[in-house]
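Q: Generate a structure from the sequence data that follows.
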Amino acid sequence: MNTQLHMKMKNLLEIANTRYQTAQEKYNWLKTARPNQLPPKHNWTTWLILAGRGFGKTRTGAETIRNWIETGKCKRVALIGHTEFDVHHVMINGESGLISVFPDHEKPVYETSLRRVTFSNGAIAQVFSSEAYENLRGPQFDGAWVDEFAKFRYGQETWDQLMFSLRLGSHPQVVVTTTPRPTPFIKKLMSNPTTAISKGTTFENSHNLATSFLDQVKHQYGNTNLGRQELYGDLLKTRDGALWSYPQIEKARRPNTPELQRIVISIDPALTHHKSSDETGIIVCGRCAQGHGYVLADLSGKYAPTQWAKQAVQAFHEYKADRIIAETNAGGDLISHMLKSEDPYISFKTVYAKKGKALRAEPIAALYEQNKIFHCGLNLSQLEDQMCSYIPTSRPSPDRLDALVWGLSELFLLQGQNRPRMNVLTL
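A: The predicted structure is shown next:
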C-alpha cells in the first residue's frame, strides 16, 4: 500500500513539475521570441516595428511593456491605439495582449471605467486613443506602447502630445508596432536618428498561423503591392506612372465633413463568390454645396451577391444617401434584382462602361489634382493603396478604385450632378 501511495505521489509530482515547466516556458519571452522581436541593443528612444500581419507585433509590444514593468524601468505607461476599442480588444484583452503575457499570479487588473491597467508591483498603464489625442495633455509617463500607428488619422498630433508627456525616469522610451504605410510621418519617424527599426514578415510566424490562411494570402496577395505591405512589411512607394500618390492623398485628408448636398453609394460588384473571386467595391462619397467631394467610407470586401447587396442597402440608409450607383457590364439585370430584393424602393442607377477604365479614372484623378476631393472616412487605407499602385495600363483595375471612380463620376461628371439630394423612385 505504501509503495502504491509512493508511486502515486511520484506521478503527481512529475505531472505538476511538467506543468510548471510548461508554464515557465510559455512566459519565458527571451527564450521563445525571435531576434527581431527583442529590443535593439544600441541606444534608442523609439523602437519602430514595421512588420506584416500575423508577425507577432502585438505580442512583441505587450512583452516589451511586461519587461519594462517587471524590471522596474517603467512605473507609468501610456497605451495608445487608433481607438479605445482597439486598445481594449487588441492591446489589453487580445489573445496576445498585455494581460495574456503575464502568469496567472501576476495578471494585471484592467479597470475599463478608469481606462487604467494596474500591475502587481503598483505600476500603472493608462489608455488613450489617437481620436482623442488631447487627453494626453497633463499626464506624464516613463514609457509608451503605440499600436498600428500608420492608420492613425491624427498621427502627428498624437505623437506631439506623447512626446511632451514622456518626461519621467532617466530615459523614457516608446515601442511602436505597426503595419507599414508610407505616410509622411512614418517616413519622418524612420529618418530620426533616435529611432531603431525592426522589420519582419507574416511568414516568420507561420508555426502559429493557420496553414489555410497562409496558403490563401500567398495565392491572392503574394505578388501584389498590398501583399508586400501587409504580409512582407515593405514600406511601399507610389508606383511610377500611377494616377495618385500617397503625399497627394495625405494632403487631401480632412478630419470633418461639411453638410453634403448629395451622397451616393457606388458598387463595382463581383458576381461570383469563391476562393479566387474579386472583391466587391463599395464606396460612400458625397458632394457639398461648394463643389467639393468627400470620400466617407470604404465598405468593400469579398461578398456573395446577397451579402454585397445587403451591405450596399444598409449603407444607403445609414448614410442617408440619395442613390446607389452600380456598374452592370457583367451583371446586367441580376444587380438590379439583388438590390431590389433587399429594398424594392431603393433609388438605384445603373452605369455601363463604354470607355476604358483608364479613361474613366483620369478625370477623377484630375479632380484630386485640383484639390476638389477630400478623404474623411476611416479605414480607407486599402482604397488608397489601390489608387497609388494603379497605372492606366494595369490589368485588371482594382475593384475599390472602380467603385470610387463611378461614385465621383456620378457626383461630378455625369448628367444631373448639381441636383439637390432627394428621394426618388428606382431609375
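
Q: Can you point out the buried residues in stretch 53-73?
A: 53-69, 73 (16 or more other C-beta atoms under 10 Å). The C-beta positions use only the backbone N, C-alpha and C, and glycine is treated the same way.

Q: What of stretch 304-311?
A: Neighbour count says stretch 304-311 has 304, 305, 308, 309, 310, 311 buried, by 16+ other C-beta under 10 Å.

Q: now stretch 88-108
A: Those would be 88, 90, 91, 92, 94, 96, 97, 98, 101, 102, 108, for stretch 88-108 by 16+ other C-beta under 10 Å.

Q: Setting the sequence-adjacent residues aside, check what's closest to the fourth one.
A: Same thing as residue 92. residue 98 (5.0 Å; C-beta to C-beta, 6 or more residues apart in numbering).

Q: where's that neighbour relative to residue 151, distance?
A: Per C-beta to C-beta, to the nearest Å, residue 98 is found 20 Å from residue 151.

Q: And residue 247, by the same measure?
A: According to C-beta to C-beta, residue 247 and residue 151 sit 17 Å apart.

Q: of the two, who's got more company?
A: residue 151 (19 against 14; other C-beta atoms under 10 Å).

Q: how about the nearest residue to the more buried one, chain neighbours excluded?
A: residue 82 (5.5 Å).

Q: For the one you found, give me phi and psi.
A: phi -60, psi -50 (degrees, to the nearest 10).

Q: Need the residue closest to the centroid of the chain.
A: The centroid of the chain falls nearest to residue 151 when counting by C-alpha atoms, centre = their mean (5.8 Å).

Q: distance of that one from residue 296?
A: For residue 151 relative to residue 296 (C-beta to C-beta), the value is 17 Å.

Q: on that earlier part again, neighbours of the residue nearest to residue 151, just the number please.
A: Residue 82: 24 neighbours (other C-beta under 10 Å).

Q: Does it touch residue 132 like I think?
A: No: contact criterion C-beta atoms under 8 Å: residue 82 and residue 132 do not qualify, at 11.1 Å.

Q: quick check: domain ranges of this structure?
A: The record assigns the chain these domain ranges, following automatic domain parsing: 33-230, 246-412.

Q: weakest of those by average pLDDT?
A: Among the domains of the chain, domain 246-412 has the lowest mean pLDDT, at a mean of 86.

Q: From start to finish, how long is that one in a straight line?
A: For domain 246-412, the first and last residues are 23 Å from each other (C-alpha to C-alpha, to the nearest Å).

Q: C-alpha coordinates for the host helix or strand of residue 386, CSV please?
A: For residue 386, the host element (DSSP states H and E) is helix 381-389. Provided in CSV are the C-alpha atoms of helix 381-389 (Å, rounded to 0.1, in the frame of the first residue of the first chain):
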residue,chain,number,x,y,z
SER,A,381,-6.1,52.5,-46.5
GLN,A,382,-6.8,49.7,-48.9
LEU,A,383,-8.6,52.0,-51.3
GLU,A,384,-5.7,54.4,-51.1
ASP,A,385,-3.2,51.7,-51.7
GLN,A,386,-5.1,50.7,-54.9
MET,A,387,-5.1,54.3,-56.0
CYS,A,388,-1.4,54.7,-55.6
SER,A,389,-0.5,51.5,-57.2
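
Q: So which residues of the stretch 1-150 of the chain form helices?
A: 2-26, 29-32, 57-70, 84-86 (DSSP state H, counting those that start in this stretch).

Q: Hmm, I typed the wrong one, I wanted the stretch 251-400 of the chain.
A: Under DSSP H, counting those that start in this stretch, the stretch 251-400 of the chain gives helices at 305-318, 333-342, 357-369, 381-389, 399-412.

Q: of the ones you listed, which approaches residue 48 most closely?
A: For those, the distance to residue 48 is smallest for helix 381-389, at 18.0 Å, taking C-beta to C-beta.

Q: Show me how far that closest one is from its chain's centre.
A: 13 Å (C-alpha atoms, centre = their mean, to the nearest Å).

Q: Do I have it right that residue 263 meets residue 286?
A: Yes: judged on C-beta under 8 Å, residue 263 makes contact with residue 286 at a distance of 4.0 Å.

Q: Could you tell me which residues touch both of these two?
A: 296, 319 (C-beta atoms under 8 Å, 6 or more residues apart in numbering).

Q: Between these two, which has more neighbouring residues?
A: The residue with more neighbours, out of residue 263 and residue 286, is residue 286; 26 against 22, by other C-beta under 10 Å.

Q: how much space between the more buried one and residue 159?
A: In terms of C-beta to C-beta, residue 286 sits 30 Å off from residue 159.
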